[in-house]
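Asker: build me a model:
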Amino acid sequence: MNPAVSIITPTYNRARLLPRVWASLRKQTLGDFQWIIVDDGSTDDTRGVVENFGDKRIHYVYQRNAGVNVARNRGEREIEAGYVIFLDSDDELHDQHTLAMMVDEIASAPAEIGLVRFTVIDSEGREGLHYMERDRMVTGYADNICEKNHWGEFFPIYKTEVLKISPWPAFNGYEVIRHWRIAKHHPALLVHRPARVYHRAAGDNLTGMHSVIRRSASMTEAVSQLINEHRAAWLEYCPCQLGRYQLYQAMYAALSGQILRAWCAVLSTFRWADRNTRMKAIVLTVTLFLPLALRRWLFIQRATRQWP
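Answerer: This next block holds a predicted model:
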């Protein structure tokens, strides 16, 4: 008999964190789940840690290092349930009733709903990672791409069938590429109830900024893909959003040293952006005259100061 829900966790050299994920799964009141761990080429003792869990609900898959989204796509080949959750190895479920709550919500949702998204809190109990106009709301494609009535971090449970619409993108990051493709076909139900705890260790904000710089060339391409796919819809529903994402493209291009591309993107920003985005574009324009190393240093300093 198939489990009620499959949980996919991609992981890379995070053997020390997996016991925390497992502890949050093991205490669930809904124990009928499949946990698919995709080891993305770890060089630590990830395999040994998983073997020590000794639970038949766990399915371990090893692949050569290829990135988190490739690992997620690999995990989908092992799904046995009608519902799927993607839980990263540095996070955990909110409490012992989370799985039951998530499955109940999607099982009782209207047939056209493809996923149910829940709120996220950080490990210090703060809920400032999202905004919702109402505590329960159905969102369609335009709601998603315009990001007006909701934005931020949400934790979804999917009907397995909707994952066939699109795989996770090849880019490591910008998972919204897949979310918005699904949104073209299936609305989502948003529920203001916490389901995931996001852990941020001291100093991770700085590490995160270095990661953005390392991935900036890939993220430039990811934003370019978003613009190509949704440009017409943005112009129809929310033109300022096109300006916002052109600014993102300019920023990532600037961080990756693609100056000509950054100039083209930042100039396009001014045509569609709102006043706030245009002011940010002016600041970015000034940095384009600076050496790459200084530009990156300023990005880290500014992002670190803005971290809550």
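Asker: next one: phi and psi at residue 258?
Answerer: phi -90, psi 80 (degrees, to the nearest 10).
Asker: check contacts around it.
Answerer: 217, 220 (C-beta atoms under 8 Å, 6 or more residues apart in numbering). Bear in mind the C-beta positions are built from the backbone N, C-alpha and C, glycine included.
Asker: where do the helices of the stretch 51-200 of the chain begin and end?
Answerer: In the stretch 51-200 of the chain, the helices defined using DSSP state H, counting those that start in this stretch lie at 68-76, 98-107, 141-146, 176-183.
Asker: which other helices and strands contact the third one?
Answerer: The reference is to helix 141-146. Judged by 3 or more C-beta pairs under 8 Å, 6 or more residues apart in numbering; DSSP states H and E, helix 141-146 is in contact with helix 176-183, helix 216-237.
Asker: what's next to that helix, contact-wise?
Answerer: So helix 141-146 is in contact with 149-150, 179-180, 183-184, 188, 230, 233-234, 237-238, 241, going by C-beta under 8 Å, 6+ apart.
Asker: most surrounded residue in these?
Answerer: Comparing these by number of neighbours (other C-beta atoms under 10 Å), residue 188 comes first, having 26 neighbours.
Asker: thinking again about what came up before, and which of the contacts of helix 141-146 is nearest residue 52?
Answerer: residue 179 (34.7 Å; C-beta to C-beta).
Asker: distance check, that closest one against residue 266.
Answerer: Noted for residue 179: a distance of 26 Å to residue 266, by C-beta to C-beta, to the nearest Å.
Asker: how about the helices and strands packed on helix 141-146 in JSON lines, adding mean pLDDT?
Answerer: As requested, the helices and strands packed on helix 141-146 are exported to JSON lines (pLDDT from 0 to 100):
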{"stretch": "helix 176-183", "mean pLDDT": "96"}
{"stretch": "helix 216-237", "mean pLDDT": "96"}
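Asker: can you redo the ones you listed as JSON lines with distance to residue 35?
Answerer: Formatted as JSON lines, the helices and strands packed on helix 141-146 follow (distance: least, C-beta to C-beta, whole Å):
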{"stretch": "helix 176-183", "distance to residue 35": "21"}
{"stretch": "helix 216-237", "distance to residue 35": "29"}
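Asker: for residue 43, which of the ones you listed is the nearest?
Answerer: It is, among those and with distance given as C-beta to C-beta, helix 216-237, at 22.4 Å.
Asker: what residue ranges in the stretch 51-200 of the chain score low on pLDDT?
Answerer: Along the stretch 51-200 of the chain, segments meeting pLDDT under 70 span 125-128.
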